[in-house]
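Chemist: I'll drop the sequence and a predicted model, then ask my questions.
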Amino acid sequence: MNKPRIFIAAHYLEIGGAEISLIGLLNAIDHDRFDVDLFLYARRGELLALVPPQVRLLPEIPEYAQMENPIRDVIAAGHWRQALARIRAKIRYSRWRRRNNPPSPEAFFQYLDNEITPGLPSQHNLGEYDLAVNFIALKNHIPAKVRAKKTAVWIHTDFSTIPLNAPLELPAWQAYDHIVSISPQVTASFINVFPTLAPKIVEIENILSPAFVRARAEAFDARPEIHAGKAVKLLSVGRFCTAKNYDNVPDICRRIIEKGIDVVWYIIGFGGDEDLIRRKIAEAAMEKRVIILGKKTNPYPYIKACDIYVQPSRYEGKSVTVREAQMLCRPVVVTDYKTAKSQIDDGIDGRIVPMDNEACADAIARFISDTDLQARITRNLETNDFGNEAEVLKFYDLI
């Protein structure tokens, strides 16, 4: 008897929360029961090495691989149709933005999706799948290009924080049989924007393995790289983008130091906001206090070596890195973004602090000084496994 076939699409496997949760899903699937094909728009990223060997990694297709390249490179590669589609998307997005909203990369992606997908090659030659999953990809891709009995698309973010052209996006979401949300709070924010889609929602948490995280944390000792003398070592991990709010870290760090607290704040990651963050570090004169470590293939030894893990985000869906820090029994601080309470029980397994820079700095400083509270939180973390591999059973139900 043939096993059910699953197709999963993602843009690439650079280090990021959604990508790590995809690795968690791929490792949780019972490959004796299911055949899994993984299609990456661009076959790149440090997490490629963590894809289970039972997963068939489909060949790269040039038109998909060009998706995030500069338009001049797309033209140089001979993909004129795609370049023109991207230009049309920029023009139409600009018109909408002038009439309606501040900048929104998420809104732009739907304009890009609508323009570019018709010109992408079909993948019907792969045959029919029992389930096709859009994990992190263009929303129009799977309904238009992949044959499947059932389809599902993942939500990874808080929709209450994102300006969108909802009427433009609605048909793309409607085309799927299932819309997978990673938390009740993410579900609520999505339904507030798209109320008619509520019956399609299925909640499946990001699948993470404590054994995997803890084993990776023992790969090497990061303490020599993040030595800070007697200073308290803060650490944040994530993409350098608006959502993560790292551009405010230098100012928050400066305010903590002005309160008499000796800290060094390390940041692991990469992304388009790096120049902005470095400029803010210079403006705050925090060059020796806010240290960008850059991209790390394995961030877990650094999380293990820090004193406090901080997620200073403007918004999140459900932070993968926060849960990983909890698995490694690190005291965690998160800002009070709208979904924070879905992950942190304040004072029990972490602390939720205000978003405002001065109030945030004050709360972090008080937490650093309260070693008894840190110890209680650490003990609580040590009694919780934080594993949720059983969530994969909900994934099977999508078929």
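Modeler: Looks like it came in fine. On a predicted model such as this, the values are computed, not experimentally measured, just so you know.
Chemist: pLDDT below threshold where in the stretch 251-399 of the chain?
Modeler: Applying pLDDT under 70 to the stretch 251-399 of the chain flags no residue at all.
Chemist: the same query, at a cut-off of 80, please.
Modeler: Confidence mapping of the stretch 251-399 of the chain against pLDDT under 80 gives the ranges 387.
Chemist: right, and residue 3 touches residue 37 too?
Modeler: No - using Cβ atoms under 8 Å, residue 3 is not in contact with residue 37, being 11.9 Å away. (Each C-beta comes from the backbone N, C-alpha and C, glycine too.)
Chemist: more neighbours: which of those two?
Modeler: residue 37 (19 against 13; other Cβ atoms under 10 Å).
Chemist: report the contact partners of the more buried one.
Modeler: 5-8, 55-56, 58, 126, 129 (Cβ atoms under 8 Å, 6 or more residues apart in numbering).
Chemist: now those residues as JSON lines including distance to residue 191 and secondary structure?
Modeler: Listed next are the contacts of residue 37 as JSON lines, based on distance: Cβ to Cβ, whole Å; DSSP: H, G, I helix; E, B strand; the rest coil:
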{"residue": "5", "distance to residue 191": "31", "secondary structure": "strand"}
{"residue": "6", "distance to residue 191": "26", "secondary structure": "strand"}
{"residue": "7", "distance to residue 191": "27", "secondary structure": "strand"}
{"residue": "8", "distance to residue 191": "25", "secondary structure": "strand"}
{"residue": "55", "distance to residue 191": "32", "secondary structure": "coil"}
{"residue": "56", "distance to residue 191": "35", "secondary structure": "strand"}
{"residue": "58", "distance to residue 191": "33", "secondary structure": "coil"}
{"residue": "126", "distance to residue 191": "33", "secondary structure": "helix"}
{"residue": "129", "distance to residue 191": "28", "secondary structure": "strand"}
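Chemist: buried subset of those residues as a ChimeraX selection?
Modeler: Typed into ChimeraX, the next command selects the buried ones out of those (criterion: 16 or more other Cβ atoms under 10 Å):
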select :5,6,7,8,55,58,126,129
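Chemist: not counting sequence-adjacent ones, nearest residue to residue 363?
Modeler: Excluding the flanking residues, the one nearest residue 363 by Cβ to Cβ, 6 or more residues apart in numbering is residue 353, at 3.7 Å.
Chemist: what is the neighbour count of that neighbour?
Modeler: Residue 353, neighbours per other Cβ under 10 Å, totals 23.
Chemist: quick check: bridge partners of it?
Modeler: Beta-bridge pairing for residue 353 (DSSP bridges): residue 335.
Chemist: and it, how far from residue 338?
Modeler: As judged by Cβ to Cβ, to the nearest Å, residue 353 and residue 338 stand 14 Å apart.
Chemist: what does residue 65 give?
Modeler: Taken as Cβ to Cβ, the span from residue 65 to residue 338 is 35 Å.
Chemist: now swap in residue 381 and tell me
Modeler: From residue 381 to residue 338 the distance is 24 Å (Cβ to Cβ).
Chemist: more crowded one of these two?
Modeler: residue 381 (20 against 16).
Chemist: and the more buried one, what is it in contact with?
Modeler: By Cβ under 8 Å, 6+ apart, the neighbours of residue 381 are 326, 329-330, 349.
Chemist: what's the answer for residue 385, then?
Modeler: So residue 385 contacts residue 210 (Cβ under 8 Å, 6+ apart).
Chemist: quickly list what the residue nearest to residue 321 when sequence neighbours are not counted is bridged to.
Modeler: Closest residue in space to residue 321, ignoring its immediate chain neighbours: residue 237 at 4.8 Å, by Cβ to Cβ, 6+ apart. According to DSSP bridges, the partner residues bridging residue 237 are residue 268.
Chemist: can you pull the pLDDT of residue 237?
Modeler: We have a pLDDT of 96 for residue 237.
Chemist: correct me if wrong: it contacts residue 304.
Modeler: No - contact criterion Cβ under 8 Å: residue 237 and residue 304 do not qualify, at 12.0 Å.
Chemist: so what secondary structure elements neighbour the host helix or strand of residue 90?
Modeler: Assigned by DSSP states H and E, residue 90 falls within helix 80-99. Contacts defined by 3 or more Cβ pairs under 8 Å, 6 or more residues apart in numbering; DSSP states H and E place helix 80-99 against helix 71-76, helix 105-116.
Chemist: hey, which of those is tucked in deepest?
Modeler: Mean neighbours per residue, mean count of other Cβ atoms under 10 Å, is largest over these for helix 105-116, with a mean of 20.
Chemist: quick check: mean pLDDT across the next helix or strand along the chain from that one?
Modeler: Downstream of helix 105-116, the next assigned helix or strand under DSSP H and E is strand 129-136. Mean pLDDT, strand 129-136: 97.
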